[in-house]
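Asks: Quick one: sequence plus predicted model below, questions after.
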Protein chains: 2
Amino acid sequence: MSAVLLIEDDDRIRLSLAMALEDEGYQTHAVPTAEEGLEMQRRQPADAVLVDLMLPGMDGFECIRQLRRTDDVPIIVVSARDDTHDIVAGLEAGADDYVVKPVAVKELAARLRALRRRGRSASATPAVTVLTFGDLEIRPEAGEVRLHGEPVAVTRTEFRLLCELAEHPGQVLSRQQLLSRVWEYEIGDERLVDVHVGRLRHKIEDSAGKPRHLVTVRGLGYKLQP
Amino acid sequence: MSAVLLIEDDDRIRLSLAMALEDEGYQTHAVPTAEEGLEMQRRQPADAVLVDLMLPGMDGFECIRQLRRTDDVPIIVVSARDDTHDIVAGLEAGADDYVVKPVAVKELAARLRALRRRGRSASATPAVTVLTFGDLEIRPEAGEVRLHGEPVAVTRTEFRLLCELAEHPGQVLSRQQLLSRVWEYEIGDERLVDVHVGRLRHKIEDSAGKPRHLVTVRGLGYKLQP
DNA sequence: CGGTTTCGTCACGCAACCGTCACATGCCCG
DNA sequence: CGGGCATGTGACGGTTGCGTGACGAAACCG
């Protein structure tokens, strides 16, 4: 599965294209402006970018140039304008391909595959597994936790606790189990777990009062909701 | 200067396109059949191939597949047929791009440049792997490190440390793992790693206080961020 | 042989983290 | 409705982890 970022201001086209891409098996993020697209790509890089040229605010050409300053991601221009001048300008700005709307999604998918084949191998891409719980991402090998794509600072015990829960999604783990697996205490104060769960919640929950991920099951323990 | 092979059966198009490409600065070989094209590419490989789909004898699809068996050269289909089915089939056969006739030579040239930018395929360039982490480049074989394109003087242990981290981008490596892989100490003072990391940081980070690449993950170890 | 670079060790100090406790809050059930 | 128990939370030392500067030994190089 690969992720695609779609930057297109026309609501109808954006939504329908996004849905069509999802159907083709692409995880799609769609935004209406170049600014949002750049922000998105910075926070959560996609594997390919589709960009319209005529956008409110920053236009597509400038968007491509900005992207190219830091990113080697495949870029396809998807524009209604079909004159040679625009095509050349788009490609010269740094795009890899240029298609004219309306375009069949099958064709887009084929062009994405062609680009991926060709794709640069040199740039370093982390090969880390990601455990996803809604807007919460956990990368065990990277020692990293992200909420809404933003890295969250988590301490070592909190991280181990979170990983332990994440390895058993939706399953309740008792305080005793957690003590034993995270702390390697066979006996100890179970309240210790509460404290760390509490601290963790403030970091990975939008509202610590009403946790959506790290839920307590009264009398039994805690679990991490998918 | 780069050489282009044009495979197109229509005499008028072939000749006019070849001339136009010459004007754009491409050294062009134009042939009317797939068989001749393959022979040509075998004897005198061009840097890019333009191929029509409807050809007498072997058709364009088969021609592309044959080419791809031995050659990683950029291929652009130049066809009169503009339906999705053909486009997808052409790209799936191994082409990198597909344009519909009539096409402006300026556009063709821009697409060739875009492909060349992306190019760098295994067979085209000698494999000097370069690991890129934003503005940081590491060439293991060359024993070279560059920051913002500027070479940075790094000692031998620092270099090996850096390579070890770079080979696992985004992954946390513990001090113990680093000691064992870089120093081949199975036991030893883990603080040794800290010291070298610290020294390395002063060289490859713009601000050693707030490292952007060589990040420490408290309680776990270090990692190199893409 | 003298100077320079690199390496490993050590000690110090700051900052972050951890575990404990005490208290507040909320939930269950009679 | 109210007691009792389970859980949340805030504060507070003690501890640990990490960055850093200094130093001597070893290696390297002219």
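Replies: Noted; the coordinates are in hand.

Asks: does residue A:47 really touch residue A:75, like I thought?
Replies: No. Residue A:47 sits out of contact with residue A:75 when judged by Cβ atoms under 8 Å, with a separation of 11.3 Å. Placement of C-beta: from N, CA and C, glycine included.

Asks: These two: which has the busier surroundings?
Replies: More neighbours surround residue A:75 than the other of residue A:47 and residue A:75, with 27 against 18 (other Cβ atoms under 10 Å in any protein chain shown).

Asks: who's that one bridged to?
Replies: residue A:49 (DSSP bridges).

Asks: got the contact list for it?
Replies: A:48-51, A:64, A:67-68, A:94-97 (Cβ atoms under 8 Å, 6 or more residues apart in numbering or on different chains).

Asks: Report pLDDT for it.
Replies: For residue A:75, the model assigns a pLDDT of 94.

Asks: Residue ranges in chain A under the pLDDT threshold?
Replies: A:1, A:119-128, A:208 (pLDDT under 70).

Asks: center of it, which residue is that?
Replies: By Cα atoms, centre = their mean, the mean C-alpha position of chain A lies nearest to residue A:44, the distance being 4.5 Å.

Asks: So residue A:46 sits against residue A:29, correct?
Replies: Yes. Counting by Cβ under 8 Å, residue A:46 does reach residue A:29; the two are 6.5 Å apart.

Asks: For chain A, what lies in contact range of DNA strand D?
Replies: Residues of chain A found near DNA strand D (Cβ under 7 Å from any atom of the strand) are A:175, A:191, A:194-195, A:197-198, A:201-202, A:208-209, A:216-221.

Asks: Can you pick out the most distant pair from those?
Replies: Maximum pairwise distance in the residues of chain A next to DNA strand D, criterion Cβ to Cβ, is 23.4 Å, between A:202 and A:219.

Asks: which one of the residues of chain A next to DNA strand D has the most neighbours?
Replies: Neighbour max across the residues of chain A next to DNA strand D (other Cβ under 10 Å) = residue A:197, 21 neighbours.

Asks: Surely that one is in contact with residue A:214?
Replies: Yes. Residue A:197 lies in contact with residue A:214 (Cβ under 8 Å); the separation is 6.3 Å.

Asks: okay, and the common contacts of those two?
Replies: residue A:222.

Asks: about what we covered before: please, a PyMOL command that selects the buried ones among the contacts of residue A:75?
Replies: Burial among the contacts of residue A:75 is assessed by 16 or more other Cβ atoms under 10 Å in any protein chain shown; the matching PyMOL selection reads:
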select buried, chain A and resi 48+49+50+51+64+67+94+95+96+97
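
Asks: so which of the contacts of residue A:75 would you say is closest to residue A:18?
Replies: residue A:50 (9.7 Å).

Asks: Contact partners for the closest one?
Replies: Neighbours of residue A:50 in contact, by Cβ under 8 Å, 6+ apart: A:4-8, A:17, A:75-78, A:108.

Asks: Which ones among those lie within strands?
Replies: Judged by DSSP state E, those include A:4-7, A:75-78 as members of strands.

Asks: out of these, which are buried?
Replies: A:4-7, A:75-78.

Asks: Closest one of these to chain B?
Replies: Minimum distance to chain B across these is 9.6 Å, recorded for residue A:75 (Cβ to the nearest Cβ).

Asks: Identify the residue nearest residue A:62 in space, chain neighbours excluded?
Replies: Spatially, and ignoring its direct neighbours in sequence, residue A:62 is nearest to residue A:34 (6.9 Å; Cβ to Cβ, 6 or more residues apart in numbering or on different chains).

Asks: Tell me how many other residues surround residue A:86.
Replies: Residue A:86 has 20 nearby residues by other Cβ under 10 Å.

Asks: residues making contact with the helix or strand encompassing it?
Replies: For residue A:86, the element it lies in under DSSP states H and E is helix A:84-93. The contact list for helix A:84-93 (Cβ under 8 Å, 6+ apart) reads A:53, A:60-61, A:64-65, A:68, A:77, A:79, A:97-98, B:104, B:106-107, B:109-111, B:113-114.

Asks: coming back round to it: for residue B:151, state which of the contacts of residue A:75 is nearest.
Replies: In terms of Cβ to Cβ, no member of the contacts of residue A:75 lies closer to residue B:151 than residue A:68, at 23.7 Å.

Asks: Quick check: the gap between the residue nearest to that closest one when sequence neighbours are not counted and DNA strand C.
Replies: Once flanking residues are discounted, residue A:68 sits nearest to residue A:94: 3.8 Å by Cβ to Cβ, 6+ apart. Residue A:94 sits 38 Å away from DNA strand C, going by Cβ to the nearest atom of the strand, to the nearest Å.

Asks: now the closest residue to residue A:175 other than its chain neighbours: how far from residue A:174?
Replies: Leaving aside its sequence neighbours, residue A:175 sits nearest to residue A:190 (Cβ to Cβ, 6+ apart; 3.9 Å). According to Cβ to Cβ, to the nearest Å, residue A:190 stands 9 Å off from residue A:174.
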